[in-house]
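>>> This is the structure alone, sequence omitted:
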């Protein structure tokens, strides 16, 4: 491949000590991210969210993040101290989480929350930050941004909250956005709207997107490339458009358990898990 | 989308004003009912006590006619509800009756003793807040560390040590042996009545009079009892702060704040602490009210002429007018502090509007 990747990850592991010994949530995951939309799909507990949080080094002790390589455009993220990492977070890599009801601070008004991240990273004046924030709210299709700036999160609907979250996380123009199940808590009717906003902004700005989801259909429609995770490892990597050609039995199982309008069936197949999958080596998602 | 639409401004100011007015009226109504109930219950208890108030006024050797005259003069021949009505009328005019013990108006006595308690309780609460809150926050942030353990032990000691023991030990060590602080009482006898009484709080009065020597003496007297009361307040406040903070620190918006790249200090104090302010205010107000009700033991040990000591003495000598007066004042304070913390709720929590 011609372009240097934004993110280069090799053998990423996330470990938590427990009473029963070490628990490995992520067990040696390797992939690269260019200016593309990369989907990570897997069931609950497959380690997909942990992978996203490990990139931002948000795993709190006693949890540990280790990797042979975890680089953002040549910067070794694991060797950075906390202060340098704070400059990366929010400014170069951002994250949108599942439910805006919980991910926005309930006692701070929306304007202050957006201006906070912008002013912290750019040192802009209050006035400039205010203008930037309203501009950003407009970019996520919020009408009457001035009023929303003064409002509090509980006055917003879910879809609005998530768009505000996106505006907040993109106001500093980061290169990478990690979207961790950004539409799972939303009504189906607003999911598409939020997705198209993410899509438009990521394209316009030439960003890299890591889209974490358990929804295979959604990911295949929305992303360029898909990593399928199972038990902390990547079991299969494929182009989104060629998902139906996937070969791994887990992926086939996931696909088979989806109901389809064009092929109605009396009974959906049940996902069969094989103990061997757990132990097979991780597939590399590096390009 | 339409959810935010009803948050009107400007034009819709008048229904909002009405809403506030209704709220104020409701609050006042509940205060009135609470106070009425409190007064009625204490009044009733005072009347059913097997103490003859007439006897304590006229003395044992008074004749029958003198006794009857006093009985009628005190309104005791009327039905109890009418008596209560008279009492209520008097209280509304600031008259709590005459103390049976020292024949002075109870209202005056309370005016004299209450500032002493207030001074002590306020200083104690200050200690409790300024040490307890940061301690609780640090204990939550560094959960499981040695600081957390130390904070836990300190609070546990605060909860479980009897105050009279702590007070006596404090007096023995810091006053008796080391001589660092003043002894019991509010001032050394030499300094008493040197400054004009304005607020009744010696620290404030001496400052107002610009008399530093009196101020220093008063401070040396108050510091020990205030620290001991403050220690109890601190134990309570720090534990509550810790558990409030732990709840917030695991919330998702804290992760958001970290994703934003904010330094941990900002994450903790602006985001997490910003969310516990409201709960904390209630805790502090309650703890203040507790101290204001009169820390009877502390006031006794330190010969502090406060309301706790006043009510206790009145109770022991069956001086019901004084007991009633004291109870009403304490009750009123409790209710007022509750309203105050309710009001602050409105200010700090946007969801309460």
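The structure has been received and is ready for your questions. What you see is a predicted model; the values in this text were computed from it and never measured.

>>> wait, what's in contact with residue 195?
In the absence of a named chain, this looks at chain A. A:182, A:183, A:218, A:222 (Cβ atoms under 8 Å, 6 or more residues apart in numbering or on different chains). In this view, the C-beta of every residue, glycine as well, is placed from N, C-alpha and C.

>>> I was thinking of chain B, sorry if that wasn't clear
By Cβ under 8 Å, 6+ apart, the contact list for residue B:195 reads B:202, B:205, B:206, B:209, B:211, B:214.

>>> Torsion angles phi and psi at it?
The phi and psi values for residue B:195, taken as degrees, to the nearest 10, are phi -120, psi 150.

>>> Run a quick neighbour tally on the closest residue to it other than its chain neighbours.
Once flanking residues are discounted, residue B:195 sits nearest to residue B:209: 4.3 Å by Cβ to Cβ, 6 or more residues apart in numbering or on different chains. By other Cβ atoms under 10 Å in any protein chain shown, 15 other residues sit near residue B:209.

>>> and what of residue B:42?
Count around residue B:42 with other Cβ under 10 Å applied: 18.

>>> Let me see the confidence value for it.
If you check residue B:42, the pLDDT there is 83.

>>> How about the one 5 residues further on?
Predicted confidence (pLDDT) at residue B:47: the value is 78.

>>> list the contacts for it?
Residues near residue B:47 by Cβ under 8 Å, 6+ apart: B:80, B:83.

>>> helix or strand for it, which one?
Residue B:47 is located in helix B:13-48, with elements delineated by DSSP states H and E.

>>> likewise residue A:83?
Following DSSP H and E, one finds residue A:83 within helix A:82-88.

>>> Tell me the gap between that helix and the middle of its chain.
19 Å (Cα atoms, centre = their mean, to the nearest Å).

>>> what is the rounded mean pLDDT of that helix?
Averaged over helix A:82-88, pLDDT sits at 91.

>>> And the contacts of that helix?
In contact with helix A:82-88 (Cβ under 8 Å, 6+ apart) are residues A:56, A:57, A:72, A:75, A:77, A:80, A:121, B:261, B:262, B:263, B:264.

>>> Tell me how many other residues surround the residue lying closest to residue B:244 once chain neighbours are set aside.
Nearest non-adjacent residue to residue B:244, counting by Cβ to Cβ, 6+ apart: residue B:276, 4.1 Å away. For residue B:276, the neighbour count with other Cβ under 10 Å is 24.

>>> quick one: buried residues of the strand or helix carrying residue B:276?
Element membership of residue B:276, judged by DSSP H and E, is helix B:273-292. In terms of neighbour count (16 or more other Cβ atoms under 10 Å in any protein chain shown), helix B:273-292 has its buried residues at B:273-276, B:278-292.

>>> That one: what's the following helix or strand?
Per DSSP H and E, helix B:273-292 leads on to helix B:296-301 as the next helix or strand towards the C-terminus.

>>> That following helix - contacts with which helices or strands?
helix B:106-141, helix B:163-170, helix B:212-249, helix B:307-316 (3 or more Cβ pairs under 8 Å, 6 or more residues apart in numbering or on different chains; DSSP states H and E).

>>> Generate JSON lines for those, with mean pLDDT and mean neighbour count as supplementary columns.
Converted to JSON lines, the helices and strands packed on helix B:296-301 look like this (pLDDT from 0 to 100; neighbours: other Cβ atoms under 10 Å in any protein chain shown):
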{"stretch": "helix B:106-141", "mean pLDDT": "92", "mean neighbour count": "22"}
{"stretch": "helix B:163-170", "mean pLDDT": "87", "mean neighbour count": "17"}
{"stretch": "helix B:212-249", "mean pLDDT": "92", "mean neighbour count": "21"}
{"stretch": "helix B:307-316", "mean pLDDT": "88", "mean neighbour count": "21"}
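
>>> what's the single longest helix in chain A?
Identified as the longest helix of chain A according to DSSP state H is helix A:188-205.

>>> Tell me the first helix or strand C-terminal of it.
Taking DSSP H and E, what comes next after helix A:188-205 is strand A:208-213.

>>> what is the orientation angle of that following strand with helix A:188-205?
160 degrees (axes from the mean of the first three to the mean of the last three Cα atoms, to 10 degrees).

>>> ok, strand A:208-213 near chain B or not?
No - if you take Cβ under 8 Å from any Cβ of the partner chain as the test, strand A:208-213 misses chain B, and the best it gets is 13.2 Å.

>>> Name the strands paired with that strand and say parallel or antiparallel.
Using DSSP bridges, the strands paired with strand A:208-213 are strand A:37-42 (parallel), strand A:176-180 (parallel).

>>> What is the helix or strand just after that strand packed up against?
Following strand A:208-213 in sequence order, the next helix or strand is helix A:216-222 (DSSP H and E). Using 3+ Cβ pairs under 8 Å, 6+ apart as the contact test, the elements touching helix A:216-222 are strand A:37-42, helix A:188-205, strand A:208-213.

>>> who touches whatever residue of the stretch 251-353 of chain B ends up closest to chain A in this structure?
Nearest residue of the stretch 251-353 of chain B to chain A, counting by Cβ to the nearest Cβ: residue B:261, 3.3 Å away. By Cβ under 8 Å, 6+ apart, the residues touching residue B:261 are A:86, A:87, A:88, A:89, A:90, A:91, A:117, A:120, A:121.

>>> got a markdown table for those residues, with neighbour count too?
Shown next, in a markdown table, are the contacts of residue B:261 (neighbours: other Cβ atoms under 10 Å in any protein chain shown):
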| residue | neighbour count |
| --- | --- |
| A:86 | 20 |
| A:87 | 13 |
| A:88 | 19 |
| A:89 | 21 |
| A:90 | 27 |
| A:91 | 19 |
| A:117 | 26 |
| A:120 | 20 |
| A:121 | 21 |
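
>>> quick one: least confident helix or strand in the chain?
No chain was given, so I picked chain A. In chain A, no helix or strand scores lower on mean pLDDT, DSSP states H and E than helix A:275-279, which sits at a mean of 74.

>>> nope, chain B
Of chain B's SSEs (mean pLDDT, DSSP H and E), minimum confidence goes to helix B:53-58, a mean of 74.

>>> how about the residues of the stretch 251-353 of chain B near chain A?
For the stretch 251-353 of chain B, the residues found near chain A under the criterion Cβ under 8 Å from any Cβ are B:251-253, B:255-264, B:266, B:271, B:274-275, B:277, B:348-351.

>>> Of these, keep whichever come out buried.
B:251-253, B:255-262, B:266, B:271, B:274-275, B:349-350.

>>> that older thread, the longest helix of chain A: how far from the chain's middle?
Distance, centroid of helix A:188-205 to centroid of chain: 13 Å (Cα atoms, centre = their mean).

>>> which parts of it are buried?
A:190, A:191, A:194, A:195, A:197, A:198, A:201, A:202.

>>> Likewise for stretch B:319-339?
Those would be B:319-331, B:333-335, B:337-338, for stretch B:319-339 by 16+ other Cβ under 10 Å.

>>> low pLDDT regions in chain A?
For chain A, the stretches with pLDDT under 70 are A:1-3.

>>> got the residues of it near chain B?
Counting by Cβ under 8 Å from any Cβ, the residues of chain A near chain B are A:56, A:58, A:82-83, A:86-91, A:94-95, A:97-99, A:102-109, A:116-117, A:120-121, A:147-148, A:151-152, A:154-157, A:159-160, A:165, A:168-169.

>>> Sitting in helices, which of the residues you listed do you find?
Those of the residues of chain A next to chain B lying in helices (DSSP H): A:82-83, A:86-88, A:102-103, A:116-117, A:120-121, A:147-148, A:159-160, A:165, A:168-169.

>>> picking up where we left off before, how about the helices and strands packed on helix A:216-222 in JSON lines, adding distance to residue A:272?
Below are these laid out as JSON lines (distance: least, Cβ to Cβ, whole Å):
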{"stretch": "strand A:37-42", "distance to residue A:272": "16"}
{"stretch": "helix A:188-205", "distance to residue A:272": "29"}
{"stretch": "strand A:208-213", "distance to residue A:272": "22"}
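
>>> which helices and strands sit right next to the helix or strand harbouring residue A:253?
Using DSSP H and E, residue A:253 sits in helix A:249-256. The helices and strands touching helix A:249-256, judged by 3+ Cβ pairs under 8 Å, 6+ apart, are strand A:225-230, strand A:233-239.
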